[in-house]
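> Provided below for reference: sequence and predicted model.
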Amino acid sequence: MATLAAIALYPPLPQRLLIAPRYVLPALECLRLIPLIAINPESLTRQTKAFRVLSLTLVAVIAISNLVALTILIHELVYAGVKDGRSLLVAALQV
């Protein structure tokens, strides 16, 4: 569920907080999620090396994208002359 939430919350971010085109990271996350579900569709409890590698890669992609978006957000809040602070605060909630 957390992965699906991360995938769903990335596209609505403001353009200035994105590190790639809007649907690139959600597509990568989906490409990682599909094999995880295919390995064990019932409860995702099977522990194989491939499952662990895919899981850790998915977590890393999500974590790195969130950290970059957070870094850009902090930079925008501190250094940029932001006139629309509300959109940045909403973006902060999404990150």
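Cool, the structure landed.

> L73 contacts L17, correct?
Yes: the criterion here is C-beta atoms under 8 Å, and L73 meets it with L17 at 5.7 Å. To be clear about C-beta, it is placed using only N, CA and C from the backbone, and glycine gets the same treatment.

> Can you pull out the low-pLDDT segments for this structure?
Applying pLDDT under 70 to the predicted model, the residue ranges of the chain that meet it are 40-46, 81-88, 90-95.

> Could I get the full set of strands for it?
Ranges of strands in the chain, per DSSP state E: none exist.

> Please, where are all the helices along it?
For the chain, helices defined by DSSP state H occupy the ranges 2-9, 24-39, 49-78, 85-94.

> Against which helices or strands is the longest one packed?
Pointing back at helix 49-78 there. On a contact count with 3 or more C-beta pairs under 8 Å, 6 or more residues apart in numbering; DSSP states H and E, helix 49-78 meets helix 2-9, helix 24-39, helix 85-94.

> go on, the shortest one?
Here helix 2-9 is seen to pack against helix 24-39, helix 49-78 when contacts are counted using 3+ C-beta pairs under 8 Å, 6+ apart.

> just to revisit the earlier point, could you dump the helices of the chain to JSON lines with mean neighbour count?
What follows is the helices of the chain, written out as JSON lines (neighbours: other C-beta atoms under 10 Å):
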{"stretch": "helix 2-9", "mean neighbour count": "14"}
{"stretch": "helix 24-39", "mean neighbour count": "15"}
{"stretch": "helix 49-78", "mean neighbour count": "15"}
{"stretch": "helix 85-94", "mean neighbour count": "14"}
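
> picking up where we left off before, go through the helices and strands packed on helix 49-78 and name the closest to T48.
Of all the helices and strands packed on helix 49-78, it is helix 24-39 that lies closest to T48, at 6.9 Å by C-beta to C-beta.

> Does anything pack onto the closest one? Which helices or strands?
Packed against helix 24-39, as judged by 3+ C-beta pairs under 8 Å, 6+ apart, are the following elements: helix 2-9, helix 49-78.
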